[in-house]
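Peer 1: I'll drop the sequence and a predicted model, then ask my questions.
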Amino acid sequence: MFAPLLKKLFGSKNEREVKRMLKTVQIVNAFEEQMVALSDEQLRAKTEEFKARIAKGETLDQLLPEAFAVAREAGKRVMGMRHFDVQLIGGMTLHEGQIAEMRTGEGKTLVGTLAVYLNALSGKGVHVVTVNDYLARRDANWMRPLYEFLGLTVGIVTPFQPPEEKRAAYAADITYGTNNEYGFDYLRDNMAFSMDDKFQRELNFAVIDEVDSILIDEARTPLIISGQAEDSSKLYTEINRLIPKLEQHIEEVEGEVTKPGHFTVDEKTRQVELNEAGHQFIEEMLTEVGLLAEGESLYSAHNLGLLTHVYAGLRAHKLFNRNVEYIVSDGQVLLVDEHTGRTMPGRRLSEGLHQAIEAKEGLNIQAESQTLASTTFQNYFRLYNKLSGMTGTADTEAFEFHQIYNLAVMVIPPNKPLARKDFNDLVYLTAEEKYAAIVTDIKACLAENRPVLVGTATIETSEHMSSLLNQEGIEHKVLNAKFHEKEAEIIAQAGRPGALTIATNMAGRGTDILLGGNWEVEVANLEDPTPEQIAQIKADWQKRHQQVIEAGGLHVIASERHESRRIDNQLRGRAGRQGDTGSSRFYLSLEDSLMRIFASDRVKNFMKALGMQSGEAIEHRMVTNAIEKAQRKVEGRNFDIRKQLLEFDDVANEQRKVIYHMRNTLLAAENIGETIADFREEVLNNLISQHIPPQSLPEQWNVAGLEASLNTDFAVQLPIQQWLDEDDNLHEDSLREKIMAQLLVAYNEKEDQASAEALRSFEKQILLRVLDDLWKDHLSTMDHLRHGIHLRGYAQKNPKQEYKRESFTLFQELLDSIKRDTIRVLSHVQVRREDPEEEEARQRREAEELASRMQFEHAPAPGIDQPLLDEEGGEAPVAVVSEPVRNDQKLGRNELCWCGSGKKFKHCHGQIN
């Protein structure tokens, strides 16, 4: 009740924050005259002065006004660009760990330099995060002269970069890179076998460009480093032949069955479910082709993998469409980012879905992968001490930014008032009528020599629009996932008079559309241009620029509403940059996916009741409200999915932190002898308790079993029964002490064979390898657990609580297995000396082999119930597997390993050889 009155009296929270920051802006401006008077050398010396003041205890907040004034003056001298007052507010917002929402063309890249310079003075490093490698290189090279003028170093991290280059890039004061590369390097660091192999320092401060794209759109997408698993290509091919035989089950709204079938499709949640008839039919077909034994159920524990393949095939055929969710290029399935329209080379869908699509398209089926390490952007970016971001559209997602990342959104006032006209939506009955109206609008704009940008949601729509324009003989450029190599060139000239550009989602393109085109690109295309040529190009551009402004500026046409209002706003924002003229219009139809799936029947009935004729459009507030309501529904659903993913990953994240902390402690430790001794004692006590239960009678002791287990696990033959027969005073505790003493004697003999230093180094290597192997298997088990946890709901149990409870049990088992397997391996190996050069060469070969098998995935996340890497030059040790004492026969590489894992020897302990 009082909120509107209070807002009128005191202004909104955003307005109050702007007023607070304007006071600091005045202080920065007061420094300007002083900075102008400094020579280049004196201005550059300010950086060292600031660092010295920080060392004496001054804070970054205290330095901010003067540091911003230094950065502004350096920008003027080096780049000919002076930060506006509103850009200073943007810089303060970033420094305070908030998100700055700034409209397109307001100079976000320049704003970032203020907060980046200030925070880089601490010497702890600043990461600038971009959505692709092109923008990382462009922005780093664009701003490098400014930072280097001020005495700071700049690095760029890119995929497939030589390790030394990457290490130097992370050691720089300011590092540029993509969200993917930062995330993958974090995972690689936690697979390293030496502290010297790590790349990243402490995660101090990150500035994320296009923050909504990275923290919202890609939040559902886990980062996965994986290795190849067992080949199942024949199985995918066989199941692919069966899927087309299944019919879709269709029901009307009232529940009346109009077409009985085997499975249902829910377009809202993008789910496919087999019904009872479908289960029976698919079981019959699988039995017929020999994939399922006679009388077996698809839901038997050992057949669940087969069920996963069936669902992967169904989803590939019914939910993933060529030229919409993916394209086929050079015999490969390339996923298309629904938010940007770009292809995502190297990214693969998990849970066998990518292989199922390859089978559907008749392509070569690539081997499945096994997860070696994974995280999500949500949990990775929350590791930074301070996080901030910039974007043109964040306010609609302010609630999620606050809930998930504890980030506030600050709307920065524009430098010039917005002059763009946003026309009401036009809604047609059919898509055909809508496209005809778009063509008419395009013709009208081109007649006035106005540039036009047509935004589409899918590649399919962009190609359909292109074919319609070709039929009309209208010249145009197409910018979608298939032609992104030409992206920068097309965007640069999209503002020329009469230019027509069709573009799949414009988010993250990273290049402004300048009215009249981009004269700098024209100059760059010339070899050694003369000053006269440059002057002429500028003069020609000025004429074109004025011509476009007089015609009304850039006109943006959208062929449909996106699921998110934010993406719609990004498309609109392409017109009217920095106070330029421009306009936008959305064309919709009742056949659009958003309208079909989410808009209410009331809207459809209302439009039909109006008796609209073919080709007529409706402009009505009720329709617009219904569309916005539909978008809010989708945004809410997507937020719930992201939040649910985070809740589940938070469980895995706590385990990840424990394992990575354990790993880093191991890497940093020079001697882990005490840790190994503790492991040995715990493992031995557990083993003895299995055969000699505490406080049990001697008659209940399984002495023969204990002797056999000690031989298997510790590679020692101890005559325990003989000891007991010879010494009546031996009781449970004294027996434990005697066994432990014998194990220490056996282990100390290994130390005598090598040196204590060599054995300590070897212990570390073994523990790291065991930890990594078991962690990898644990990740796979957790994936399977999450895949089926939703079924607990049918038993009136909370799936999240069940997941937490079972994952905790699995983690306890993992920690026990790490101790047991480490002691088992150390007990069975013999340590001998090896030439350091040979050892180094062997380790290099192993690392290269592992790297060649790794895959880096950033694939769309599954739902909860579906597919979702010797300083002093001393001699180094090498492990040689010795056989258990009870077995004198040498194991063949293809025989089952002695440890009881069920794996072949070459894939288990034979790998250590």
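Peer 2: Looks like it came in fine.
Peer 1: now do the same for His127: helix, strand or coil?
Peer 2: strand (DSSP: H, G, I helix; E, B strand; the rest coil).
Peer 1: so where's the stretch 1-150 of the chain shaky on pLDDT?
Peer 2: 1-11 (pLDDT under 70).
Peer 1: could you redo the last one with a cut-off of 90?
Peer 2: Residues of the stretch 1-150 of the chain meeting the criterion pLDDT under 90: 1-15, 102-109, 131-135, 138.
Peer 1: same check, this time on the stretch 801-913 of the chain
Peer 2: For the stretch 801-913 of the chain, the stretches with pLDDT under 90 are 801-803, 820-913.
Peer 1: what ranges does the stretch 151-300 of the chain have for its helices?
Peer 2: Ranges of helices within the stretch 151-300 of the chain are 163-171, 179-189, 211-212, 233-242, 276-288, based on DSSP state H, counting those that start in this stretch.
Peer 1: packing partners of the longest helix belonging to the chain?
Peer 2: Counting by DSSP state H, the longest helix found in the chain is helix 621-668. The helices and strands touching helix 621-668, judged by 3 or more C-beta pairs under 8 Å, 6 or more residues apart in numbering; DSSP states H and E, are strand 369-375, helix 377-381, helix 398-405, helix 565-572, helix 593-598, helix 601-609, helix 756-788, helix 799-828. For the C-beta atoms, the positions are set from N, CA and C on the backbone; glycine is no exception.
Peer 1: about what we covered before: and the helices of the stretch 151-300 of the chain: which comes nearest Thr104?
Peer 2: Smallest distance to Thr104 across the helices of the stretch 151-300 of the chain (C-beta to C-beta): 13.2 Å, for helix 211-212.
Peer 1: so what does the closest one touch, helix or strand wise?
Peer 2: Using 3+ C-beta pairs under 8 Å, 6+ apart, helix 211-212 is in contact with strand 386-391.
Peer 1: what's in contact with the strand it packs on?
Peer 2: 90, 93-102, 108, 111-112, 115, 119, 204-215, 381, 405, 407 (C-beta atoms under 8 Å, 6 or more residues apart in numbering).
Peer 1: give me the sheet partners of that strand and which way each runs.
Peer 2: The sheet places strand 386-391 alongside strand 99-101 (parallel), strand 205-209 (parallel), with pairing taken from DSSP bridges.
Peer 1: got the angle for the longest one vs helix 179-189?
Peer 2: Here the directions of strand 205-209 and helix 179-189 differ by 150 degrees (axes from the mean of the first three to the mean of the last three C-alpha atoms, to 10 degrees).
Peer 1: ok now strand 205-209, how far from the chain's centre?
Peer 2: Relative to its chain's centre, strand 205-209 lies at 15 Å (C-alpha atoms, centre = their mean, to the nearest Å).
Peer 1: quick one: mean pLDDT for it?
Peer 2: In this model, strand 205-209 carries a mean pLDDT of 96.
Peer 1: hang on, Glu751 packs against Phe762?
Peer 2: No - the criterion here is C-beta atoms under 8 Å, and Glu751 misses it with Phe762 at 10.2 Å.
Peer 1: against Asp728, how distant is Gln721?
Peer 2: 14 Å (C-beta to C-beta, to the nearest Å).
Peer 1: so if I had to pick from those two, which one is more boxed in?
Peer 2: Between Gln721 and Asp728, counted using other C-beta atoms under 10 Å, the more crowded position is Gln721 (13 against 7).
Peer 1: and the more buried one, what helix or strand is that in?
Peer 2: Using DSSP states H and E, the element containing Gln721 is helix 720-726.
Peer 1: mind checking how far that helix is from the chain centre?
Peer 2: Using C-alpha atoms, centre = their mean, the offset of helix 720-726 from its chain centre is 60 Å.
Peer 1: check which residues of it are buried.
Peer 2: For helix 720-726, burial by neighbour count (16 or more other C-beta atoms under 10 Å) applies to 720, 723.
Peer 1: and stretch 25-41, by the same measure?
Peer 2: Using 16+ other C-beta under 10 Å as the test for burial, stretch 25-41 gives 25, 28, 31, 35.
Peer 1: distance of the second one relative to Leu588?
Peer 2: This means Val28. Counting by C-beta to C-beta, the gap from Val28 to Leu588 is 46 Å.
Peer 1: hey, which helix or strand in the protein has the poorest pLDDT?
Peer 2: With mean pLDDT, DSSP states H and E as the measure, the helix or strand of the chain carrying the lowest mean pLDDT is strand 876-881 (a mean of 32).
Peer 1: list the contacts for the closest residue to Gly331 other than its chain neighbours?
Peer 2: Distances taken as C-beta to C-beta, 6 or more residues apart in numbering put Leu363 closest to Gly331, at 5.6 Å, once the chain neighbours are dropped. Taking C-beta under 8 Å, 6+ apart, we find Leu363 in contact with 328, 331-333.
Peer 1: hang on, Leu363 in a strand?
Peer 2: No - with three-state DSSP as the criterion, Leu363 is coil rather than part of a strand.
Peer 1: mind checking pLDDT for it?
Peer 2: 90.
Peer 1: where does pLDDT dip in the stretch 651-800 of the chain?
Peer 2: The stretch 651-800 of the chain contains residues with pLDDT under 90 at 651-653, 667-674, 677, 680, 685-740, 742-766, 768-770, 772-774, 776-800.
Peer 1: okay, domains of this structure per the record?
Peer 2: As given by automatic domain parsing, the domain ranges for the chain are 11-221+379-411, 230-367, 419-619, 650-869, 883-913.
Peer 1: how far out from the middle of the chain is the first one?
Peer 2: Relative to the centre of its chain, domain 11-221+379-411 is centred 21 Å away, using C-alpha atoms, centre = their mean.
Peer 1: thanks a lot, see you next time.
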